[in-house]
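[1] this is the structure alone, sequence omitted:
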Ligand SMILES: [Zn+2]
(Lines give C-alpha, C1' and ligand atoms only; values in the text may rest on other atoms or scores of the structure.)
Protein backbone atom coordinates (compact mmCIF):
# COMPACT_ATOMS: atom_id res chain seq x y z
CA UNK A 1 0.00 0.00 0.00
CA UNK A 2 2.86 2.29 1.00
CA UNK A 3 4.60 1.57 -2.31
CA UNK A 4 1.42 2.19 -4.27
CA UNK A 5 0.86 5.52 -2.48
CA UNK A 6 4.42 6.59 -3.14
CA UNK A 7 4.14 5.60 -6.76
CA UNK A 8 0.93 7.56 -7.13
CA UNK A 9 2.52 10.60 -5.53
CA UNK A 10 5.47 10.32 -7.90
CA UNK A 11 3.16 10.02 -10.90
CA UNK A 12 1.17 13.03 -9.75
CA UNK A 13 4.38 14.96 -9.48
CA UNK A 14 5.63 14.09 -12.95
CA UNK A 15 2.26 14.03 -14.67
CA UNK A 16 0.06 16.61 -12.98
CA UNK A 17 -3.56 16.13 -13.91
CA UNK A 18 -6.67 18.09 -13.07
CA UNK A 19 -10.42 17.48 -13.14
CA UNK A 20 -11.81 18.59 -16.52
CA UNK A 21 -14.65 20.31 -14.68
CA UNK A 22 -13.49 21.87 -11.41
CA UNK A 23 -9.71 21.83 -11.81
CA UNK A 24 -8.98 19.82 -8.63
CA UNK A 25 -5.79 17.71 -8.71
CA UNK A 26 -6.59 14.12 -9.66
CA UNK A 27 -4.71 10.90 -10.45
CA UNK A 28 -2.99 10.81 -13.86
CA UNK A 29 -5.36 8.07 -15.01
CA UNK A 30 -8.57 9.94 -14.04
CA UNK A 31 -10.57 12.37 -16.16
CA UNK A 32 -12.70 14.10 -13.55
CA UNK A 33 -12.67 14.14 -9.74
CA UNK A 34 -14.89 11.91 -7.59
CA UNK A 35 -17.03 14.85 -6.43
CA UNK A 36 -17.87 15.91 -9.98
CA UNK A 37 -18.44 12.32 -11.09
CA UNK A 38 -20.86 11.62 -8.22
CA UNK A 39 -22.71 14.90 -8.65
CA UNK A 40 -23.21 14.29 -12.37
CA UNK A 41 -24.18 10.64 -12.17
CA UNK A 42 -26.69 11.32 -9.39
CA UNK A 43 -28.35 14.11 -11.40
CA UNK A 44 -30.18 11.55 -13.55
CA UNK A 45 -31.85 9.79 -15.18
CA UNK A 46 -34.73 12.18 -15.50
CA UNK A 47 -38.18 10.68 -15.04
CA UNK A 48 -39.54 12.89 -17.81
CA UNK A 49 -40.39 10.96 -20.95
CA UNK A 50 -41.72 12.83 -23.94
CA UNK A 51 -44.04 10.79 -26.09
CA UNK A 52 -44.23 12.24 -29.57
CA UNK A 53 -46.04 10.90 -32.60
CA UNK A 54 -42.72 10.11 -34.25
CA UNK A 55 -40.61 9.05 -31.27
CA UNK A 56 -40.14 8.81 -27.52
CA UNK A 57 -37.52 11.09 -25.98
CA UNK A 58 -35.62 10.22 -22.78
CA UNK A 59 -33.27 12.58 -20.96
CA UNK A 60 -30.47 11.93 -18.55
CA UNK A 61 -30.69 15.37 -16.93
CA UNK A 62 -30.98 19.09 -17.61
CA UNK A 63 -28.32 21.15 -19.38
CA UNK A 64 -26.94 22.90 -16.36
CA UNK A 65 -24.16 22.86 -13.76
CA UNK A 66 -21.48 20.20 -13.95
CA UNK A 67 -23.13 18.13 -16.66
CA UNK A 68 -23.17 21.19 -18.91
CA UNK A 69 -19.51 21.86 -18.14
CA UNK A 70 -18.64 18.24 -18.84
CA UNK A 71 -20.34 18.33 -22.25
CA UNK A 72 -18.72 21.66 -23.15
CA UNK A 73 -15.30 20.44 -22.07
CA UNK A 74 -15.74 17.28 -24.16
CA UNK A 75 -16.82 19.22 -27.23
CA UNK A 76 -14.00 21.70 -26.89
CA UNK A 77 -11.44 18.93 -27.41
CA UNK A 78 -11.14 16.69 -24.33
CA UNK A 79 -12.17 13.69 -26.36
CA UNK A 80 -11.29 11.16 -23.64
CA UNK A 81 -14.38 12.32 -21.73
CA UNK A 82 -16.51 10.28 -24.17
CA UNK A 83 -16.25 7.34 -21.77
CA UNK A 84 -17.89 9.26 -18.94
CA UNK A 85 -20.69 10.52 -21.18
CA UNK A 86 -21.20 7.05 -22.59
CA UNK A 87 -21.72 5.74 -19.04
CA UNK A 88 -24.57 8.22 -18.55
CA UNK A 89 -26.32 6.77 -21.60
CA UNK A 90 -25.81 3.27 -20.17
CA UNK A 91 -27.52 4.36 -16.98
CA UNK A 92 -30.39 5.81 -19.01
CA UNK A 93 -30.68 2.51 -20.94
CA UNK A 94 -31.10 0.62 -17.65
CA UNK A 95 -34.25 2.59 -16.95
CA UNK A 96 -35.54 2.84 -20.51
CA UNK A 97 -34.46 -0.18 -22.58
CA UNK A 98 -33.28 0.80 -26.08
CA UNK A 99 -33.84 -0.89 -29.46
CA UNK A 100 -30.93 -3.11 -30.59
CA UNK A 101 -29.80 -0.79 -33.41
CA UNK A 102 -27.91 2.28 -32.28
CA UNK A 103 -27.24 5.45 -34.24
CA UNK A 104 -26.23 9.03 -33.49
CA UNK A 105 -26.55 12.60 -34.74
CA UNK A 106 -23.46 12.99 -36.94
CA UNK A 107 -21.27 16.09 -36.93
CA UNK A 108 -21.39 18.24 -40.03
CA UNK A 109 -18.16 18.64 -41.98
CA UNK A 110 -17.69 22.18 -40.66
CA UNK A 111 -17.98 21.22 -36.98
CA UNK A 112 -15.82 18.17 -37.65
CA UNK A 113 -13.10 20.42 -39.05
CA UNK A 114 -13.42 22.79 -36.13
CA UNK A 115 -13.47 20.12 -33.42
CA UNK A 116 -11.30 17.46 -35.00
CA UNK A 117 -13.57 14.59 -34.02
CA UNK A 118 -17.17 13.45 -34.47
CA UNK A 119 -18.25 13.81 -30.86
CA UNK A 120 -21.44 11.73 -30.91
CA UNK A 121 -19.85 9.00 -33.04
CA UNK A 122 -17.09 8.56 -30.48
CA UNK A 123 -19.65 8.17 -27.68
CA UNK A 124 -21.77 5.83 -29.82
CA UNK A 125 -18.80 3.56 -30.57
CA UNK A 126 -17.95 3.18 -26.90
CA UNK A 127 -21.60 2.78 -25.98
CA UNK A 128 -22.05 0.05 -28.59
CA UNK A 129 -19.08 -1.85 -27.17
CA UNK A 130 -20.40 -1.60 -23.59
CA UNK A 131 -24.10 -2.20 -24.29
CA UNK A 132 -23.94 -4.75 -27.11
CA UNK A 133 -26.17 -2.57 -29.31
CA UNK A 134 -25.29 -2.69 -33.00
CA UNK A 135 -23.87 0.62 -34.18
CA UNK A 136 -24.85 1.89 -37.58
CA UNK A 137 -24.26 5.24 -39.25
CA UNK A 138 -27.87 5.73 -40.25
CA UNK A 139 -27.89 9.51 -40.71
CA UNK A 140 -25.95 11.59 -43.20
CA UNK A 141 -25.91 15.39 -43.01
CA UNK A 142 -27.51 16.55 -46.26
CA UNK A 143 -24.97 19.36 -46.55
CA UNK A 144 -22.19 16.82 -46.95
CA UNK A 145 -23.83 15.31 -49.96
CA UNK A 146 -24.44 18.25 -52.26
CA UNK A 147 -22.63 16.60 -55.16
CA UNK A 148 -25.44 14.08 -55.49
CA UNK A 149 -28.13 16.71 -55.88
CA UNK A 150 -28.55 16.46 -59.61
CA UNK A 151 -32.24 16.10 -60.30
CA UNK A 152 -35.36 17.69 -58.81
CA UNK A 153 -35.92 14.91 -56.30
CA UNK A 154 -32.36 15.13 -55.09
CA UNK A 155 -32.61 18.91 -54.85
CA UNK A 156 -35.69 18.58 -52.68
CA UNK A 157 -33.64 16.44 -50.35
CA UNK A 158 -31.17 19.27 -49.96
CA UNK A 159 -33.72 21.36 -48.06
CA UNK A 160 -33.72 18.61 -45.48
CA UNK A 161 -31.03 18.48 -42.87
CA UNK A 162 -30.36 14.75 -42.88
CA UNK A 163 -31.13 11.79 -44.99
CA UNK A 164 -30.85 8.08 -44.43
CA UNK A 165 -30.58 4.81 -46.30
CA UNK A 166 -31.18 2.76 -43.16
CA UNK A 167 -34.15 0.44 -43.55
CA UNK A 168 -34.36 -0.76 -39.94
CA UNK A 169 -37.80 -0.55 -38.39
CA UNK A 170 -36.73 0.25 -34.84
CA UNK A 171 -33.88 2.62 -34.07
CA UNK A 172 -32.16 4.00 -30.97
CA UNK A 173 -30.86 7.51 -31.57
CA UNK A 174 -28.52 9.43 -29.26
CA UNK A 175 -27.58 13.10 -29.02
CA UNK A 176 -25.94 15.30 -26.40
CA UNK A 177 -28.10 18.39 -25.94
CA UNK A 178 -31.76 18.98 -26.76
CA UNK A 179 -32.49 22.66 -27.24
CA UNK A 180 -35.40 23.38 -29.58
CA UNK A 181 -35.79 19.80 -30.75
CA UNK A 182 -35.28 20.83 -34.40
CA UNK A 183 -32.25 18.58 -34.92
CA UNK A 184 -34.05 15.57 -33.49
CA UNK A 185 -37.18 16.27 -35.55
CA UNK A 186 -35.10 16.48 -38.75
CA UNK A 187 -33.16 13.34 -37.88
CA UNK A 188 -36.22 11.29 -36.93
CA UNK A 189 -38.09 12.37 -40.05
CA UNK A 190 -35.13 11.24 -42.20
CA UNK A 191 -35.13 7.85 -40.45
CA UNK A 192 -38.87 7.52 -40.93
CA UNK A 193 -38.65 8.39 -44.63
CA UNK A 194 -36.22 5.53 -45.07
CA UNK A 195 -38.42 3.04 -43.24
CA UNK A 196 -38.18 3.37 -39.46
CA UNK A 197 -41.48 2.79 -37.69
CA UNK A 198 -40.30 3.52 -34.16
CA UNK A 199 -37.45 5.65 -32.85
CA UNK A 200 -36.31 5.99 -29.24
CA UNK A 201 -34.27 9.12 -28.65
CA UNK A 202 -31.83 9.39 -25.74
CA UNK A 203 -30.45 12.78 -24.77
CA UNK A 204 -27.79 13.63 -22.19
CA UNK A 205 -29.13 17.04 -21.29
CA UNK A 206 -32.23 19.06 -22.02
CA UNK A 207 -31.82 22.83 -22.20
CA UNK A 208 -33.92 24.66 -19.65
CA UNK A 209 -36.95 26.06 -21.44
ZN1 LIG B 1 -14.08 18.03 -10.29
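    Structure's in. What do you need? Everything numeric in this text was worked out from a predicted model, so none of it was measured. Numbering: from 1, shown residues only.
[2] I figured residue 50 hits residue 184, correct?
    No. Residue 50 is not in contact with residue 184 according to C-beta atoms under 8 Å; the separation is 10.0 Å. (Each C-beta comes from the backbone N, C-alpha and C, glycine too.)
[3] partner strands of the strand or helix carrying residue 58 and their direction?
    Assessed by DSSP states H and E, residue 58 sits inside strand 55-62. In the sheet, strand 55-62 lines up against strand 49-51 (antiparallel), strand 198-206 (parallel) (DSSP bridges).
[4] and those strands as JSON lines, adding distance to the ion, mean neighbour count and mean pLDDT?
    Shown next, in JSON lines, are those (distance: least, C-beta to the ion, whole Å; neighbours: other C-beta atoms under 10 Å; pLDDT from 0 to 100):
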{"stretch": "strand 49-51", "distance to the ion": "30", "mean neighbour count": "12", "mean pLDDT": "92"}
{"stretch": "strand 198-206", "distance to the ion": "17", "mean neighbour count": "23", "mean pLDDT": "97"}
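[5] any chance of these in JSON lines with distance to residue 192 as columns?
    JSON lines is the format used below for the strands paired with strand 55-62 (distance: least, C-beta to C-beta, whole Å):
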{"stretch": "strand 49-51", "distance to residue 192": "16"}
{"stretch": "strand 198-206", "distance to residue 192": "7"}
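[6] out of those strands, which gets nearest to residue 121?
    strand 198-206 (14.7 Å; C-beta to C-beta).
[7] right, and the helix or strand after the strand holding residue 58?
    helix 65-75.
[8] any idea which helix or strand comes after that following helix?
    Next element after helix 65-75 (DSSP H and E): helix 82-95.
[9] partners of whichever helix or strand comes after that following helix, with directions?
    Using DSSP H and E, the helix or strand that directly follows helix 82-95 along the chain is strand 101-104. Next to strand 101-104 in the sheet, as set by DSSP bridges, lie strand 134-135 (parallel), strand 170-178 (parallel).
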